[in-house]
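Visitor: fold the following and give me the result.
(3 chains)
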Amino acid sequence: MAATKPSTLHEDRLFSSNPLERKIAKELYDIAKTLPLVCPHGHVDPKLFAENAPFPDPTELLVIPDHYLFRMLYSQGIPLESLGVPRIDGGQTEQDHRKIWQIVGENFYLFRGTPTGVWLSHELYEVLGIRTRLTGETAMAIYDEILEALAKPENLPRAMFDRFNIEVLSTTDSPIDSLEHHIKIRESDWTGKIVPAFRPDNVTDFMATGWRQNIDKLAKVSGVDCSTYKGYIQALENRRAFFKKMGATSTDQGVFTPFTAEMEEREAAGLYEKALKGEATAEDARMFTGHIIMEMARMSIEDGLTMQIHPGVYRNHNPEIFKKFGADKGCDIPMATDYVNNLKPLLNKYGNDPRLTLIVFTIDEDTYSRELAPLAGHYPAMKLGPAWWFHDSREGMLQYRHATTETAGIYNTVGFNDDTRAFPSIPARHDVARRVDSRFLAELVAEHIIDMDEAKEMIVDLSYNLVKKNYKL
Amino acid sequence: MAATKPSTLHEDRLFSSNPLERKIAKELYDIAKTLPLVCPHGHVDPKLFAENAPFPDPTELLVIPDHYLFRMLYSQGIPLESLGVPRIDGGQTEQDHRKIWQIVGENFYLFRGTPTGVWLSHELYEVLGIRTRLTGETAMAIYDEILEALAKPENLPRAMFDRFNIEVLSTTDSPIDSLEHHIKIRESDWTGKIVPAFRPDNVTDFMATGWRQNIDKLAKVSGVDCSTYKGYIQALENRRAFFKKMGATSTDQGVFTPFTAEMEEREAAGLYEKALKGEATAEDARMFTGHIIMEMARMSIEDGLTMQIHPGVYRNHNPEIFKKFGADKGCDIPMATDYVNNLKPLLNKYGNDPRLTLIVFTIDEDTYSRELAPLAGHYPAMKLGPAWWFHDSREGMLQYRHATTETAGIYNTVGFNDDTRAFPSIPARHDVARRVDSRFLAELVAEHIIDMDEAKEMIVDLSYNLVKKNYKL
Amino acid sequence: MAATKPSTLHEDRLFSSNPLERKIAKELYDIAKTLPLVCPHGHVDPKLFAENAPFPDPTELLVIPDHYLFRMLYSQGIPLESLGVPRIDGGQTEQDHRKIWQIVGENFYLFRGTPTGVWLSHELYEVLGIRTRLTGETAMAIYDEILEALAKPENLPRAMFDRFNIEVLSTTDSPIDSLEHHIKIRESDWTGKIVPAFRPDNVTDFMATGWRQNIDKLAKVSGVDCSTYKGYIQALENRRAFFKKMGATSTDQGVFTPFTAEMEEREAAGLYEKALKGEATAEDARMFTGHIIMEMARMSIEDGLTMQIHPGVYRNHNPEIFKKFGADKGCDIPMATDYVNNLKPLLNKYGNDPRLTLIVFTIDEDTYSRELAPLAGHYPAMKLGPAWWFHDSREGMLQYRHATTETAGIYNTVGFNDDTRAFPSIPARHDVARRVDSRFLAELVAEHIIDMDEAKEMIVDLSYNLVKKNYKL
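Guide: Below you'll find the model as predicted:
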């Protein structure tokens, strides 16, 4: 590798190199790129905007919180300890952030052809103004450049939010969260719109770490006695109302499978009480989750919050890493998923009700054309979440559009969301989505399946209108 | 949307926009487009040609019978009642066909990028001579234009059949059908060739609505006593012989899974008698269907009828719609399917016999390269049905050719079939297939995998020869 | 078909016909094509090089040993007997090799668009110097030309090996094999590098034909008493050491599923003793194989042999063919496979150890993006084997790169292997891989995802470096 290569961010990147398609894609992207970013689903910490403190350094900003990044380095034999990923068991990890950044530089070639490579290149170039390619040779110089950039007022969190042209950003929050940072933001003089989303997994899944204590906290924040199932449901409804008051327009549930099944209230109450006593089994938890999804749909019809579910991930597949570093450390593995049978009870009961917006995500691409597009292309309540996680990428999004459009159309999809913890990656992620959608539409125009005037409407729908409509933002 | 846009049907539609591939595709398509249409599998009502009455109006012709169309409208919250879909429970539905057509016009943008959009545009332009794009603004004017067109003699069913250049069209018929319309067509002076196909599901599946009464009807039409299993089998053979006399060259079975398993005759007889008494369980039905598939293969070897099976669809997934509107209303959902284990008994017993032609369809694209192409690329009896239903489309056909050709070649596939209830969509559907096949071959030529003289043979095989050979037409 | 057409082998074959991508692909391929062939996994008979006798005739060389070829002919109703495939039941088969070659010529059109067509065209043109297309008309003339070519010294096995520019070729060998041919090659004055690979299936799978006798042979060749489990394990270790001494750098296991599960030694010993007595069940065999995979990983960590597993094939799906002709006769069918749960015990115990290189193959393309790329993109020990068997092809390799690169990168893959019994097809197979990889990278360059200097490094990594590194060659 030569020592210092200019980094590039080509204006035609991610478009087909077929000249006709590229020309059309550019014309469509020129429309898309000016639209504000709508971010209805993500994991950015609201504290960032409540406090508006400068980001400390490149490693803290770009490496330590990014499991996409360090999972690849780990797969090549680089220990997580040496990347500064904090240990929950008290073990030592590298504290020298320059040393960590140097490792990233030396191994950045591993990300060739990956979305992490695309995003990080975009962030370095566009957000932080770096003009040399990140390698082992350039790592330290770039570290210094970034440090300098982060000290500038334009790179404070709120300033970034404004210059990213974000119209609204939703965080993801537990029912037991006081939403103190959201409150602080609303009370500040800053006009950036940050809203919470209601994610109840840690109080609905009996197997969640600390479930029992979380129920006590739920009782406390809601002021509702949770010692009975009736009270528990009321507490959830109460918190949804509070979240809604704080701007929330949606809920979110991460579940192992999309299993849904309604119980008699008596039966659900029995399981809940068993769990309170610490006696619930994994099967009890599965049944209860299947029931709670039904309850959440009922509540959504009542309070209007858009409902999201994310099934199909084997979380913490690697117990050694989980024990040392905890959850969300790059060892979550997708699984085959059945939606046809699992969602049937939910869709049969609530799927015909147009008051419900149920957004279903998948990480199992096989189900796009076989199950999800046919279901979304029939049930009025059901919509398809965008290409998710490992498929939040050029290949993933193209595959998604190719596999779902013919059966569900684009109007049963809900636009893009960035689903990220990494705030500075937001423009990069939306940019990829807008480019890939432009490219997909360009192919349809070039092959005379749709006309250009239709494509121009569709790119605005995909980039802006559909997300606002489906998330009621 | 601008009020009145010209509609277009570009001569290069569906070809790759890569100039070299497009040029080759056009040359191949120019060969394909002149060939007669062979339609070995479909659901057009033979009464249409027996009576040769004019089509009443656009809504009756294009909307009410087309579940592809109204499922998408339904998914966006438009009630089926408002689209005039007849209720089987006696409930009211919209009777004003202009009002229904207006809804279709206003929502036609939903079909951008879908096969329904492609087909309907083709029908409006090519079959009915409409030159403006269908929108809310143009809907009523187009309604009037179509009404006028339908009154012309060239748009009577038999005249359409002739101008569509259809060489032969197969309907799909129950063993208890008298084939009266087929008889009437044969007795008329019209030379159009319409043949039946033998689809016994309603007398072979114990769970089929009215199975018990259907057995009585089977006894009656065949003149064979069906109170024993032996008689029942004989009645099926008898009806196959009658169908064959009436021109049939194939049978068809729609099954939940491709499960096959031969029983001892005694055992099969036991299940049959149990079913006659109304005591059969779902599991009995499954076992009996698995056995009857084996029997149908045996009969096909004896009488030479090509055998087709279509598994893998969860029919009537939405009970609310099923109760109100009945079957085939857009709520059938594909499922994951296993062919390797399920077809083993059938293929082991009859798959090595070149007298049998067994055409297997799937709606689970995952099985193309993993299971179906390897099976068809080995067993002499087995052939692959074309991309089916949700995959009867640009993406679906391309995916099918890409996934099956390397392992099964094109010569273990059987050409195209339109599988449609919508008679005027037949030219559009064959046109898509011929264009996509031309495009696929053009890619192989452009990448120097095959030579142009080979591609020219192959496009004729795909468009005409393979279907005639495998359906013995 | 015209009587005599020139055969072609276009210099741009397999590249995209998009001019920009083709230009880049050519530039990358020009680098790749000069690199030596590294063949870490295949089934060429070492006797070929020990004896270095001339190949007898075209049919013996190209037809009889190639199940890819005769499976397609069989699928079109041509009996294997008429193709000279030897019967194990003593039945007659065609002995006239000219007659067999004539059948191949007449039916060569079946291979249009298939990898067998691509490989055979390459072999005829490039290895054997044939310049007319193989058809029924040209078959006999080509037969004579090939006969003549095979008599030349440049077409002796060792001379072919040298002119193919093979750096090293690994065979696949049973632990009970004496490796006599390898010994003879090493003792000869020829410098070609041929190494064995340790494939223990016939002594680890209780259900393998002759397992009991194989254990006796294992005891004999190893000199270790195998009447106990301890002895058996020691004998395996002993043979691994011998294979390593003879140049082996890897092991290989073909398994029905990737099921892994460690047993207590006592429990494994119990199963082993049960099997010795001939009392093991299929379930015992499954459990024992799941345990032996764990043991093989342990041994690999100790002796450094790279470990390979190949699951997911239903072997000998057609018992009629199996009884007449034996195994490997084109009736092996891929199945759906689960890696997430099955590999968990193995990966949890050994997957974090960078001393282990575990190469996992699949024939179930669905698992590329859903399971295998995420697993290989996390566990340091795990790497992805190349697109295998039915997917050792243009479509297969492209699909593999598109589905795995974003999540696993190219650096968790291990380059190409030809996995072939057909020695003269080796250059053709590597050529396809290098062309498809060049094409894939060209797409990334043309779409500005990577730069050309990166692509130039990557093509060398994919064609040469990764395979040497991961197989320690």
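
Visitor: would you map the strands across the stretch 51-200 of chain A?
Guide: A:166-170, A:194-195 (DSSP state E, counting those that start in this stretch).

Visitor: actually, the stretch 201-350 of chain A.
Guide: Secondary structure of the stretch 201-350 of chain A (DSSP E, counting those that start in this stretch): strands at A:250-255, A:306-311, A:313-314, A:333-334.

Visitor: and the last one, average pLDDT?
Guide: Strand A:333-334 carries an average pLDDT of 97.

Visitor: out of the strands of the stretch 51-200 of chain A, nearest to residue B:180?
Guide: strand A:166-170 (62.7 Å; Cβ to Cβ). For every residue, glycine as well, the C-beta is placed using N, CA and C.

Visitor: who are the packing partners of the closest one?
Guide: Under the contact definition 3 or more Cβ pairs under 8 Å, 6 or more residues apart in numbering or on different chains; DSSP states H and E, strand A:166-170 sits against strand A:37-39, strand A:194-195.

Visitor: does stretch A:413-433 reach chain B?
Guide: No: on the criterion Cβ under 8 Å from any Cβ of the partner chain, stretch A:413-433 is out of touch with chain B, staying 11.2 Å away.

Visitor: among the strands of the stretch 51-200 of chain A, which is the most enclosed?
Guide: Mean neighbours per residue, mean count of other Cβ atoms under 10 Å in any protein chain shown, is largest over the strands of the stretch 51-200 of chain A for strand A:194-195, with a mean of 24.

Visitor: got the contact list for the spatially closest residue to residue A:251 that is not a sequence neighbour?
Guide: Among residues not flanking residue A:251 along the chain, residue A:198 sits closest, at 4.3 Å (Cβ to Cβ, 6 or more residues apart in numbering or on different chains). Contacts for residue A:198 were tallied using Cβ atoms under 8 Å, 6 or more residues apart in numbering or on different chains; they are A:173, A:175, A:239-240, A:243, A:248, A:250-252, A:305.

Visitor: in the sheet, who's paired with residue A:198?
Guide: residue A:173, residue A:251 (DSSP bridges).

Visitor: ok, it to residue A:252 distance?
Guide: Counting by Cβ to Cβ, to the nearest Å, the gap from residue A:198 to residue A:252 is 7 Å.

Visitor: for the residue nearest to the spatial centre of chain A, phi and psi?
Guide: Geometric centre of chain A, nearest residue: residue A:419, 1.7 Å, by Cα atoms, centre = their mean. Note on residue A:419: its backbone torsions stand at phi 50, psi 40 [degrees, to the nearest 10].

Visitor: and it, what is it in contact with?
Guide: Going by Cβ under 8 Å, 6+ apart, residue A:419 touches A:41-43, A:388-389, A:392.

Visitor: nearest to chain B, of those?
Guide: Proximity of the contacts of residue A:419 to chain B (Cβ to the nearest Cβ) peaks at residue A:388, which lies at 19.0 Å.

Visitor: domain map for chain A?
Guide: Domains of chain A are assigned by automatic domain parsing as A:19-53+A:157-470, A:54-155.

Visitor: tell me the most buried of those domains?
Guide: domain A:19-53+A:157-470 comes out most buried of the domains of chain A by mean count of other Cβ under 10 Å, with a mean of 20.

Visitor: start to end distance for that one?
Guide: With Cα to Cα, to the nearest Å as the measure, the first residue of domain A:19-53+A:157-470 is 35 Å from its last.

Visitor: to the chain's geometric centre, what's the distance from that domain?
Guide: Its chain's C-alpha centre and that of domain A:19-53+A:157-470 lie 7 Å apart, by Cα atoms, centre = their mean, to the nearest Å.

Visitor: touching chain C at all, the helix or strand containing residue A:445?
Guide: Assessed by DSSP states H and E, residue A:445 sits inside helix A:426-446. No: Helix A:426-446 lies apart from chain C when judged by Cβ under 8 Å from any Cβ; the minimum separation is 8.9 Å.

Visitor: and the angle for that helix with strand A:166-170?
Guide: 110 degrees (axes from the mean of the first three to the mean of the last three Cα atoms, to 10 degrees).

Visitor: and the average pLDDT for helix A:426-446 is what?
Guide: On average, helix A:426-446 scores 98.
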